[in-house]
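Trainee: Take this sequence and fold it.
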Amino acid sequence: MKPLLNYIGGSFVPAHSGDTLNNLNPATNEVITTIPRSMSSDVAQATLAAVAAEASWKATPFEERILWLDRIADALEAKAEQIAQLETTDTGKPISLSRRVDAARSVSNFRFFAHHAREQEPMKFEANGAINYVHRSPVGCVGLITPWNLPLYLLTWKVAPALLMGNTIVAKPSEMTPLTANLLAETLDELNLPAGVFNLVHGLGPEVGQAIVEHPDIKAISFTGGTSTGKIVAATAAPMFKKLSLELGGKNATIILDDAPVDDIIDDIVRASFTNSGQVCLCGSRVLIPESRYDEVSSKFVAGVERLKLGNPLDEDTQMGAVISLDHLEKVESYIRLGIKEGGTLLTGGTKANAGVSGVHAEGAFLRPTVIGGLTHTSRTATEEIFGPVVTLHAYKDEDEAVTMANCTDYGLAGSVWTADIERGRAFAERMETGIVWVNTWLNRDLRTPFGGVKQSGVGREGGDWSMSFFSEMTNVCVMQP
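Mentor: Numbers count the residues shown, from 1 in each chain. Prediction:
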């Protein structure tokens, strides 16, 4: 594959330094291509281009910007198989997952915001003899920083509303998964999106991401990634009074209530735990089980996990592929070892050395799905984000204890509750300290709803009106009536 380039001011260009980074396939550890190792000077160039394009893009009628979203969706839909193949090559996830989730959602993000925009009604309020009109204006140049687990899915989740509301963009994808961000830039270039409206700068977080956050002409930052990096982003952006949206880590609980129809839901519980090798911020990495049913549920859960087919991500029947890198594999393995050291019992899986995966590339970052029982709910393994195929099982005595266990971590992004009584499930969900809770389902998303976390899982909300509001400034115009 030819080397990737930055996309700045409507042109594909190398980093000013000429330096590059290798992009590796996690399933083989082989070099796919190279990307620019950009620096602050490249970010400055991209920001100049974005600022220069601000006035004309802002002046583009709202209805025309909606049509741009339609065009982009159509163009990406025509490339759906290419998107899926690139995502699987870049991330190591199964091709079936890349088609069903990544490629499909990358298209639907644009389609959703186009449709949602068409349904908007003017905001006006009458009181005291006056009419208040709420006028939306673009923020200006915005910085979008996205992670490696759902590359194009999460980039388009930000790009679509940012463009819709009239902003220009400087975007940085993860240096580990740049392929589909480059495809998006190529697609926008083919569609003749005005130069400077969308700019893409590749590189490392401390060198490119930090430069985006620090740049005074970038007025808002939308960041999805780890909590430790999010703290740096917040510490930098807050004193500059930038608008800030942070979607960060999670340590989500899956709560099985004592009336749950376990045989009917066990495959869903496994999917909620190990989709994309557990590398989804919404995955349930802690499964809470009533004491009275612990042996039954844990044995059925382990059996379901062991039915997962690990293998070459490009094989159609593979259900779980590689983790993102060998470095990340070592981090995940360190938590498996920690779990055992903390007194846990390995119920299935384990480290690569002790539970290897057959039929895959020897240098690939493959790790069996791992389940650990017997840990306290306050142990490090059960409370720190691992972001990999490791799940801990915990027994609880009653619902009050289950709520305490679910809420005991520093995170609060998502969770799920499983029960035969949906009203009971809803009541339990409302006691959880988290941004989103599913009852008898998982990853069931209505894009009109608010998405985001509490505690160390983030700041702000994305989705529907929340995204439109983040990417706009609102002015209230109060007109006294005659």
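Trainee: For the host helix or strand of residue 468, which helices and strands make contact with it?
Mentor: Per DSSP states H and E: residue 468 is located in helix 464-470. In terms of contacts (3 or more Cβ pairs under 8 Å, 6 or more residues apart in numbering; DSSP states H and E), helix 464-470 is packed against helix 104-118, helix 151-164. Glycine gets a C-beta too; all of them are placed from N, C-alpha and C.
Trainee: can the ones you listed go into JSON lines with extra columns for mean pLDDT?
Mentor: Output for the helices and strands packed on helix 464-470, formatted as JSON lines (pLDDT from 0 to 100):
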{"stretch": "helix 104-118", "mean pLDDT": "98"}
{"stretch": "helix 151-164", "mean pLDDT": "98"}
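Trainee: Nearest approach to residue 455 belongs to which of those?
Mentor: Closest approach to residue 455 among the helices and strands packed on helix 464-470 (Cβ to Cβ): helix 151-164, 20.9 Å.
Trainee: ok, residue 2 - contacts?
Mentor: Residues near residue 2 by Cβ atoms under 8 Å, 6 or more residues apart in numbering: residue 33.
Trainee: Can you tell me, leaving aside adjacent residues, what's nearest to residue 155?
Mentor: Leaving aside its chain neighbours, residue 155 sits nearest to residue 146 (4.7 Å; criterion: Cβ to Cβ, 6 or more residues apart in numbering).
Trainee: Could you tell me how many residues sit around residue 295?
Mentor: Using other Cβ atoms under 10 Å, the number of residues around residue 295 comes to 11.
Trainee: Within the helices and strands, which one has it?
Mentor: Using DSSP H and E, residue 295 maps to helix 294-306.
Trainee: pretty sure the residue nearest to residue 155 contacts residue 158?
Mentor: Yes - with contact defined as Cβ atoms under 8 Å, residue 146 counts as touching residue 158 (6.9 Å).
Trainee: any common contacting residues for those two?
Mentor: Overlap of the contact sets of residue 146 and residue 158 (by Cβ under 8 Å, 6+ apart) consists of 171, 224.
Trainee: Compare the helices and strands packed on helix 464-470 and report which one is nearest to residue 246.
Mentor: Short answer: helix 151-164, nearest of the helices and strands packed on helix 464-470 by Cβ to Cβ, at 12.3 Å.
Trainee: Which elements pack onto the closest one?
Mentor: If contacts are counted by 3+ Cβ pairs under 8 Å, 6+ apart, helix 151-164 sits against helix 62-78, helix 80-91, helix 104-118, strand 141-145, strand 168-172, helix 179-190, strand 220-224, helix 464-470.
Trainee: send the alpha carbons of the last one over as PDB?
Mentor: Yep, that's helix 464-470 we're talking about. In PDB, the C-alpha atoms belonging to helix 464-470 read as follows (Å, rounded to 0.1, in the frame of the first residue of the first chain):
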ATOM      1  CA  GLY A 464     -28.800  14.200  18.200                       C
ATOM      2  CA  ASP A 465     -29.400  17.600  19.600                       C
ATOM      3  CA  TRP A 466     -26.500  17.300  22.000                       C
ATOM      4  CA  SER A 467     -24.000  17.000  19.200                       C
ATOM      5  CA  MET A 468     -25.700  19.900  17.300                       C
ATOM      6  CA  SER A 469     -25.500  22.100  20.400                       C
ATOM      7  CA  PHE A 470     -21.800  21.200  21.000                       C
END
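Trainee: and that helix, how far from the chain's centre?
Mentor: Offset of helix 464-470 from its chain centre (Cα atoms, centre = their mean, to the nearest Å): 17 Å.
Trainee: again, but for stretch 210-228
Mentor: 16 Å.
Trainee: First-to-last residue distance for it?
Mentor: 13 Å (Cα to Cα, to the nearest Å).
Trainee: Same question for stretch 251-259.
Mentor: For stretch 251-259, the end-to-end distance is 24 Å (Cα to Cα).
Trainee: Likewise for stretch 395-409?
Mentor: End-to-end distance for stretch 395-409, by Cα to Cα: 17 Å.
Trainee: ditto for stretch 395-408
Mentor: End-to-end distance for stretch 395-408, by Cα to Cα: 15 Å.
Trainee: Kindly report the same for stretch 440-455.
Mentor: End to end - Cα to Cα - stretch 440-455 spans 25 Å.
Trainee: Enumerate the positions of that stretch that are buried.
Mentor: Under the neighbour-count criterion of 16 or more other Cβ atoms under 10 Å, stretch 440-455 has 440, 442-443, 447, 451-453, 455 buried.
Trainee: for stretch 466-473, same thing?
Mentor: 466-472.
Trainee: And for stretch 458-467?
Mentor: Neighbour-count burial for stretch 458-467, counted by 16+ other Cβ under 10 Å, picks out 458-464, 466-467.
Trainee: Can you pull out the low-pLDDT segments for the chain?
Mentor: Applying pLDDT under 70 to the chain flags no residue at all.
Trainee: contacting residues for residue 232?
Mentor: Counted by Cβ under 8 Å, 6+ apart, residue 232 has contacts 210, 213.
Trainee: ok, now how distant is it from residue 457?
Mentor: According to Cβ to Cβ, to the nearest Å, residue 232 stands 16 Å off from residue 457.
Trainee: what's the span of stretch 386-405, first residue to last?
Mentor: End-to-end for stretch 386-405, by Cα to Cα: 18 Å.
Trainee: cool, stretch 210-218 as well?
Mentor: 12 Å.
Trainee: As TSV, the buried residues of stretch 458-467 with distance to residue 170 would be great.
Mentor: As requested, the buried residues of stretch 458-467 are exported to TSV (distance: Cβ to Cβ, whole Å):
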residue	distance to residue 170
458	21
459	20
460	19
461	22
462	18
463	22
464	24
466	22
467	18
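Trainee: closest to residue 137 among those residues?
Mentor: Closest to residue 137 out of the buried residues of stretch 458-467 is residue 467 (15.7 Å), distances taken as Cβ to Cβ.
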